[in-house]
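**Student:** here is a sequence with its predicted model. Questions after.
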Amino acid sequence: MKARLWEKYKNEIVPQLIKKFGFKNIMQVPRLEKIVINMGVGEAITDIKILEKAMEELSLITGQKPVICRAKKAIANFKIKKGNPIGCKVTLRRDRMYEFLDRLINVALPRIRDFRGVSTHAFDEKGNFSLGINEQTIFPEIDYDKVTRIQGMNINIVIRNSKSKEHSLELLKLFGMPFLKEG
């Protein structure tokens, strides 16, 4: 069975984007390529169990096993040697990507305390969207009682065929992303 957001994209969002921006072909319409979730765990240098716990929580959130990220070069001030494990990441594509985005928009983001919306200034020049989250406990898969330390994460939504920030912004708005009201 296909993800709910994929069906919505195919049946509702594509026609709306074609109408609004005047695309001549369906292949010109912006679409999600992948979502990369990244956790930087600097404390893993002294205690590898912290990284293992972060990887376990990230796999619960995404439903996919994370990859360990290692330091590319040594940084003496932070006591990092080249090759030390310093984080983990997951790249989601296809159905898992749409399922994660659905849970992020409809379940996780509304659970953030004093949440008013995400910034519209978090797009890069190619139209990709980046979002930082301060704690992993906003996801319902994480049992709050078993959390040993609060861990933040970066979520990067890569959008293909986006010619500008406006195309990407409109795509994410149609998916239901709660953006801040400008004004």
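**Tutor:** Structure received.

**Student:** report pLDDT for residue 34.
**Tutor:** Residue 34 carries a pLDDT value of 90.

**Student:** can you pull out the strands in the protein?
**Tutor:** Here the chain has its strands, by DSSP state E, at 31-40, 67-70, 85-92, 129-133, 153-160.

**Student:** using a markdown table, lay out those together with distance to residue 12.
**Tutor:** All C-beta atoms are positioned from the backbone trio N, CA, C, and that covers glycine. Shown next, in a markdown table, are the strands of the chain (distance: least, Cβ to Cβ, whole Å):
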| stretch | distance to residue 12 |
| --- | --- |
| strand 31-40 | 14 |
| strand 67-70 | 34 |
| strand 85-92 | 22 |
| strand 129-133 | 20 |
| strand 153-160 | 17 |
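
**Student:** of those, which approaches residue 107 most closely?
**Tutor:** The closest of those to residue 107 is strand 129-133. By Cβ to Cβ, the value is 12.9 Å.

**Student:** circling back to that earlier point, want to throw the strands of the chain into TSV with mean neighbour count?
**Tutor:** Converted to TSV, the strands of the chain look like this (neighbours: other Cβ atoms under 10 Å):
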stretch	mean neighbour count
strand 31-40	19
strand 67-70	14
strand 85-92	20
strand 129-133	18
strand 153-160	19
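
**Student:** confidence-wise, which of the ones you listed is weakest overall?
**Tutor:** Least confidently modelled of these is strand 67-70, at a mean of 78 by mean pLDDT.
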